[in-house]
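Participant: pasting a predicted model and its sequence here:
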There are 2 protein chains.
Amino acid sequence: MNDGDRNGSGPERPRRKDARRNQQALLDAAAAVFVTSGVDAPVRDIATAAGVGMGTIYRHFPTRADLVIAVFRHQIDACVEAGPVLLEAGPTPHAALGRWIDLFIDFLVTKHGLAAALHNDKAGFETLHASFLERLLPVCADLLDAAVASGEVRPDLDAYGLLRAVGNLCIGEGEDPRYDARRMVALLVDGLRRPA
Amino acid sequence: MNDGDRNGSGPERPRRKDARRNQQALLDAAAAVFVTSGVDAPVRDIATAAGVGMGTIYRHFPTRADLVIAVFRHQIDACVEAGPVLLEAGPTPHAALGRWIDLFIDFLVTKHGLAAALHNDKAGFETLHASFLERLLPVCADLLDAAVASGEVRPDLDAYGLLRAVGNLCIGEGEDPRYDARRMVALLVDGLRRPA
DNA sequence: AAACAATACGGAGCACTGTTCCGCTTTGCA
DNA sequence: TGCAAAGCGGAACAGTGCTCCGTATTGTTT
């Protein structure tokens, strides 16, 4: 849809064949390593898994964060595109918002430690945080606005706060069976309703 | 009150005078450095600020986490002791729970990055997490049980989940003015009420 | 007061990060 | 086939947490 935008923030398509091959190998290897070792996996491990050297990884992705962003780009895109669809399909805007947030949680929770990484000061994870937020914020804002306009949801909330709260609640999900992030988010989303 | 317990998990009081002096200097220096540089401040910085070597810091506090725990011990204690008091004072158990959580938030938010540190896989921060939780969990459970017993709060929630959710929501508070952790926690706590 | 263990100290050094740098190789074009 | 441009590998750098061990301090015993 908006491939023009995509070129703006994604890595450029290399001119040479070997470079393209390596870039793809890096993306595949990173995806695989993230699954087994989490998004905090050492850069060296990813380079080794892809069969390339350190220099190569950093030419294609100037920073760890850029690699993570590239790996999860498609899923973020899917989340972005699901927003309007759900809004039109759902019985009410609040229901649509709830479903969309479920989608977002799925994304965060399936990636090992992504939610935690999003809020790490270290390294260039602010970049990661900013990048994901930039894409998701408008979508979330639309859903929230619609829910507010329909009178279902209290008007004194911004999409940014909501998105961050959900992201935060997902941290550590799966590490301890006693903590159920989805449940907590459900509680929060329920609390969004206009107080009767 | 329970000083016996305290000896169990805290650092031992050293026999020699210089050792005691250094231990206190370390605690003071750490507290100061945590304020200016956050709880992630390099161990070397703390050692330097205290005017001691690396060996000294690690003899007194085997791990970064142990130092953090020792520094914040008094405030955790205050939080623990406030639980029963609030429960008896508050108009209702749910109100007491809310006030106690406010206290907990104050604790987390005043410390630069403590909330984030609590959920870091890196280093020995699990120790930190476990230690704080171990102390606060019973208190929170008592408050929650009382609120459930009074019929104010839904019964299908455990204190562990609640405590973690609150801790998570506090991550990043103060970093971005658009995110208000207290507000999000308030929303969540409100959602705890038994659905009418 | 002096000798002497026991205790504690300092900081160099190790293992592990993310990231940079640059001599060498591969590629694609002329 | 020649050759510049593009790309590559991995050694090296800086910044972590933490360990180790030769040296200094302390408190006790003669």
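Facilitator: In hand now; what should we look at?

Participant: quick check, stretch A:63-82 touching DNA strand D?
Facilitator: No. Residues of stretch A:63-82 contacting DNA strand D under Cβ under 7 Å from any atom of the strand: none, with a closest distance of 13.6 Å. C-beta here means a position set from N, CA and C on the backbone, and glycine is covered the same way.

Participant: does that stretch reach chain B?
Facilitator: No. Contact between stretch A:63-82 and chain B is absent, the nearest approach being 14.4 Å (criterion: Cβ under 8 Å from any Cβ of the partner chain).

Participant: for stretch A:151-158, same thing?
Facilitator: Yes. Counting by Cβ under 8 Å from any Cβ, contacts between stretch A:151-158 and chain B involve A:Asp158.

Participant: name the residues of that stretch that are buried.
Facilitator: Neighbour counts over stretch A:151-158 (16 or more other Cβ atoms under 10 Å in any protein chain shown) mark A:152-153, A:157 as buried.

Participant: span of it from start to end?
Facilitator: Chord length of stretch A:151-158, first to last residue, is 15 Å (Cα to Cα, to the nearest Å).

Participant: got a list of contacts for that stretch?
Facilitator: Residues outside stretch A:151-158 that contact it (Cβ atoms under 8 Å, 6 or more residues apart in numbering or on different chains) are A:92-94, A:97, A:141, A:144, A:147-148, A:192-195, B:178.

Participant: mind putting those into TSV with pLDDT and distance to DNA strand C?
Facilitator: TSV is the format used below for the contacts of stretch A:151-158 (pLDDT from 0 to 100; distance: Cβ to the nearest atom of the strand, whole Å):
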residue	pLDDT	distance to DNA strand C
A:Thr92	93	43
A:Pro93	94	40
A:His94	93	40
A:Leu97	95	35
A:Ala141	96	30
A:Leu144	96	33
A:Ala147	95	38
A:Val148	94	39
A:Leu192	88	36
A:Arg193	84	42
A:Arg194	71	44
A:Pro195	71	45
B:Arg178	91	25
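
Participant: out of the residues you listed, who's nearest A:Asn168?
Facilitator: Among the contacts of stretch A:151-158, B:Arg178 lies closest to A:Asn168 (Cβ to Cβ), at 13.5 Å.

Participant: that closest one in helix, strand or coil?
Facilitator: coil (DSSP: H, G, I helix; E, B strand; the rest coil).

Participant: next up, phi/psi of A:Lys193, please.
Facilitator: Rather than Lys, residue A:193 is Arg. phi -60, psi 140 (degrees, to the nearest 10).

Participant: likewise for A:Val39?
Facilitator: According to degrees, to the nearest 10, A:Val39 has phi -70, psi -10.

Participant: how many neighbouring residues does it have?
Facilitator: Around A:Val39 there are 25 other residues, counting by other Cβ atoms under 10 Å in any protein chain shown.

Participant: with A:Arg59 instead?
Facilitator: 15.

Participant: how far away is it from DNA strand D?
Facilitator: 5 Å (Cβ to the nearest atom of the strand, to the nearest Å).
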